[in-house]
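Peer 1: structure for this input, please:
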Amino acid sequence: MAVTPEPPAEPPAEPRIPAQQVPAPSGSAQPAAGQQVPAQRSAPADAGGVFAPRPEPIRGGEPKARHFVRLKLRILGNTMRGKKSRIWLFILGIFFGLWAAVVGLAVFAGSSVADEGLRPTLAAFAGTALVLAWVLVPLLFFGVDETLDPARFALLPVPRRTLVLGMLAAAVVGIPPVVTLLAALGSTIGAVIDGGIGAGLVAVLGAAVGLAVCVAASRAVTSAFAGMLRSRKVRDLAALLIALAGISCNPIFQLVFALVENGESKQATTIGGILSWTPLAAPFVAYVDAIDGNWHLAAARLAIGVAGVATLLWWWLRTIESAMLGTASTAAAKKAKAVDGKPVRAFLPAVIRSLPVGRFTGLVGREVRYWGRDPRRRASLISLLAASVVIPFAFTFGFGTGSSAQEQEAARQSIGMSDGALILSLMFAGAFVGLVLVNQFGNDGTAYALHMLTNVPGQIELAARAIGVGILTFPLLAAGTVAVSVLSGHTDQLAPALGIGLCSYGISVGAAGITSVLAPYPMPDTTNPFAMNTGQGSAKSMLSFVSMIVTWVLTAPLIVAFFLLPGGLTWTLLPVGLVWGFALAWVGTRLAGNLLERRAPEVLVAVTPKLG
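Peer 2: This is a model prediction of the structure:
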């Protein structure tokens with residue numbers, strides 16, 4: 001029987017992809033009935049692979065300065081959205097800004113309507129004070145509003161020149177620049193009255209150029225210090241520079257007071273004439289030359305201001321890269337010295353190794369190390385320490401501008417500050433040192449979560465932070481007080497001054513502990529130690545202002561007692577001040593500790609930097 005061979009198996013049919021119906025373009029002929037449309041072959045998924053042509057990139061153009069301004073306004077609006085506390089703080093900032101603008105307007109207007117001989121000198125001192133305020137206040141107290149942090153642009157293809165100009169344009173948007181411009185425009189009153197519309201226009205131009213000098217100087221200095229203070233080797237130099245700048249301000253103000261009081265002062269006129277040809281004051285004095293008809297001198301002073309802005313921008317251009325990249329010293333760390341038989345104590349700073357080892361001692365050691373190593377904490381501490389040393393010298397030696405010792409003493413007696421200058425200065429200095437704790441949890445950020453997980457009691461937490469700051473500040477504050485009392489010949493005021501200074505610090509610590517728990521806020525994630533998030537600069541200034549007012553009010557009884565007690569009993573203010581300050585510091589720390597134990601999660605959320 002023949003076997004019929006089976007036919008070979010046909011290969012499986014490939015799946016057929018239905019033809020895609022491609023719409024005909026408008027205006028083309030439609031296929032007739034029964035006419036077949038050729039099927040469109042679809043390209044395989046892997047056709048071309050990585051070599052497939054890429055779509056044309058979208059070109060948005062080069063970044064401009066206006067883009068930075070729009071970005072800052074957008075960030076400012078987003079931070080206010082849904083945050084009632086920030087809205088109220090922003091409103092309070094506007095209120096105090098308007099108050100400062102009115103005061104500044106009165107100062108510049110008064111200088112513009114003064115006598116012809118006093119007008120250029122007063123205008124020079126007013127402009128110099130305004131520029132110095134822009135430079136020193138961010139370093140000493142509130143920080144600079146870094147809404148657009150330069151470090152965030154480090155990886156973006158933005159030219160440094162565009163970045164600097166954009167940051168400058170964005171810095172002009174805010175409450176402080178508006179206040180500064182309104183204050184400087186006070187010069188237009190006297191310019192228009194005595195010189196007409198032309199002098200008034202020169203005054204407006206001078207105010208605009210002066211504002212540019214203020215903003216550029218503030219940003220250039222903070223950018224330079226941000227890079228310097230990352231190196232611990234130059235922090236003493238930074239403190240010295242700030243101290244010298246602060247000391248130099250008070251004699252200038254005293255010269256102005258003598259000039260206004262006496263109607264003339266050879267020293268004030270000489271210094272004012274020199275300042276009027278520097279970028280610090282030249283734009284603010286230009287309208288005086290316009291009033292006198294010296295238009296070439298007015299143009300020269302405006303040109304000096306513009307040249308100063310260009311120089312500051314060049315300096316900022318050279319320092320902004322280090323501020324963006326966060327370069328720091330990479331020197332090898334020194335080998336820690338071993339402590340015989342006590343390995344745990346090797347981790348503690350030498351000043352507290354005698355304390356019993358425990359949680360409290362460990363927290364104190366942590367604070368001492370962090371205040372000396374963290375750039376942002378170190379910047380705040382150095383600035384306030386410099387202020388605490390400058391204030392006693394300024395109060396004690398700054399009053400009186402006569403040429404002889406008798407005239408200086410008569411000037412001090414005329415304003416009633418000779419006997420109490422050192423006492424009042426220590427009250428201010430102690431309050432300023434305590435300001436570093438106003439936002440103590442904001443400096444930790446998310447690291448505070450470790451303290452929550454280990455269940456650190458709130459009172460121990462705050463007490464350790466206060467002791468850590470006190471260990472670093474008390475020696476310098478006491479040494480400055482002793483030096484001032486000996487040099488000024490008021491050694492009899494040493495004991496009450498120390499008592500009032502320590503009392504003021506204790507009260508400030510208690511008040512700062514409460515405000516730091518009730519109103520914490522995050523610090524920007526940046527390497528700039530002077531940076532401040534948008535909307536938080538006014539918050540910090542308000543918290544600092546409230547803490548200072550509370551401290552001064554509660555220290556006032558000791559000031560009154562100093563003036564009422566006989567000279568032989570003023571030494572009793574030392575123990576009384578210690579007890580009073582310690583008691584209020586303990587009460588404030590206890591209240592803040594109880595609040596912290598209940599609000600620890602809220603504090604952690606508040607100090608956590610927001611992304612975006």
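Peer 1: V436 reaches L381, doesn't it?
Peer 2: Yes - with contacts counted by CB atoms under 8 Å, V436 reaches L381, the gap being 5.8 Å. C-beta: built from backbone N, CA, C; applies to glycine.
Peer 1: list residues touching both of the two?
Peer 2: Shared contacts of V436 and L381 (CB atoms under 8 Å, 6 or more residues apart in numbering): V469.
Peer 1: which one of those two has more residues nearby?
Peer 2: Each of V436 and L381 has its neighbours counted (other CB atoms under 10 Å); V436 has more, 24 against 20.
Peer 1: list the contacts of H451.
Peer 2: Taking CB under 8 Å, 6+ apart as the criterion, H451 is in contact with D444, E461.
Peer 1: can you rerun that using 10 Å?
Peer 2: L363, R366, F441, D444, P457, G458, I460, E461, L596, A600, L604 (CB atoms under 10 Å, 6 or more residues apart in numbering).
Peer 1: and the fourth one, which of the three is it?
Peer 2: Right, the one you point to is D444. What DSSP: H, G, I helix; E, B strand; the rest coil gives for D444 is helix.
Peer 1: hang on, isn't T128 packed against G272?
Peer 2: Yes - counting by CB atoms under 10 Å, T128 does reach G272; the two are 8.7 Å apart.
Peer 1: the more surrounded of the two?
Peer 2: Neighbour totals were compared for T128 and G272, and G272 leads with 24 against 21 (other CB under 10 Å).
Peer 1: which of the contacts of H451 lies closest to P520?
Peer 2: F441 (4.8 Å; CB to CB).
Peer 1: what's the burial count for the closest one?
Peer 2: For F441, the count of nearby residues is 25 (other CB under 10 Å).
Peer 1: quickly find the element holding it.
Peer 2: Using DSSP states H and E, the element containing F441 is helix 440-444.
Peer 1: helix or strand next in line after that helix, which one?
Peer 2: helix 448-453.
Peer 1: following element in sequence after the host helix or strand of L92, please.
Peer 2: If you go by DSSP H and E, L92 is part of helix 84-112. Sequence order places helix 119-137 as the next helix or strand after helix 84-112, per DSSP H and E.
Peer 1: which neighbouring elements make contact with that following helix?
Peer 2: helix 84-112, helix 175-184, helix 187-228, helix 235-262, helix 266-275, helix 282-291, helix 375-397 (3 or more CB pairs under 10 Å, 6 or more residues apart in numbering; DSSP states H and E).
Peer 1: mean pLDDT lowest where, among those helices?
Peer 2: Note on the helices and strands packed on helix 119-137: helix 235-262 shows the lowest mean pLDDT, a mean of 54.
Peer 1: how about residues contacting the helix holding F441?
Peer 2: So helix 440-444 is in contact with 367, 370-371, 374, 376-377, 380, 436-437, 447-448, 450-451, 461-462, 465-466, 469, 512-513, 515-517, 519-524, 533, 536, 540, 596, 600, 603-604, 606-609, going by CB under 10 Å, 6+ apart.
Peer 1: and if we set it to 7 Å?
Peer 2: Helix 440-444 has contacts (CB atoms under 7 Å, 6 or more residues apart in numbering) with D374, R376, R377, Y448, R465, S516, P520, Y521, P522, M523, V603, V607.
Peer 1: got the angle for the helix holding L92 vs helix 175-184?
Peer 2: Calculated by axes from the mean of the first three to the mean of the last three CA atoms, to 10 degrees, helix 84-112 forms an angle of 20 degrees with helix 175-184.
Peer 1: run through the residues that contact P496.
Peer 2: Contacts of P496 by CB under 7 Å, 6+ apart are I423, F562, T570, W571, L573, L574.
Peer 1: out of the contacts of helix 440-444, who's nearest L297?
Peer 2: R376 (44.6 Å).
Peer 1: in the stretch 501-612 of the chain, where is pLDDT below threshold?
Peer 2: For the stretch 501-612 of the chain, applying pLDDT under 70 flags the ranges 524-543, 610-612.
Peer 1: ok, 50 please
Peer 2: 534-535, 537, 612 (pLDDT under 50).
Peer 1: quick one: the strands in it, in order.
Peer 2: For the stretch 501-612 of the chain, strands defined by DSSP state E, counting those that start in this stretch occupy the ranges 531-532.
Peer 1: phi and psi next, for G293.
Peer 2: phi 90, psi 10 (degrees, to the nearest 10).
Peer 1: same question, P520
Peer 2: Backbone torsions of P520, given as degrees, to the nearest 10, read phi -80, psi 160.
Peer 1: hang on, the earlier thing: of all the contacts of P496, which two lie farthest apart?
Peer 2: I423 and W571 (12.6 Å).
Peer 1: looking at those two, which has the bigger crowd around it?
Peer 2: I423 (24 against 16).
Peer 1: tell me the pLDDT at the residue nearest to L574 when sequence neighbours are not counted?
Peer 2: Distance criterion CB to CB, 6 or more residues apart in numbering; nearest residue to L574, sequence neighbours excluded, is G499 at 3.7 Å. According to the predicted model, the pLDDT of G499 comes to 89.
Peer 1: could you list every residue that touches G499?
Peer 2: Contacts of G499 (CB under 7 Å, 6+ apart): L573, L574, V576, G577, L578.
Peer 1: ok, G195 - contacts?
Peer 2: Y287, A290, I291.
Peer 1: repeat the analysis, applying 6 Å as the threshold.
Peer 2: By CB atoms under 6 Å, 6 or more residues apart in numbering, G195 lies in contact with A290, I291.
Peer 1: then L297?
Peer 2: L297 makes contact with D289, according to CB under 6 Å, 6+ apart.
Peer 1: go again with 10 Å.
Peer 2: S276, W277, A282, V285, A286, V288, D289, A290.
Peer 1: that one: what secondary structure?
Peer 2: helix.
Peer 1: now swap in V456 and tell me
Peer 2: Once three-state DSSP is applied, V456 turns out coil.
Peer 1: that's all I had, so thanks and see you.
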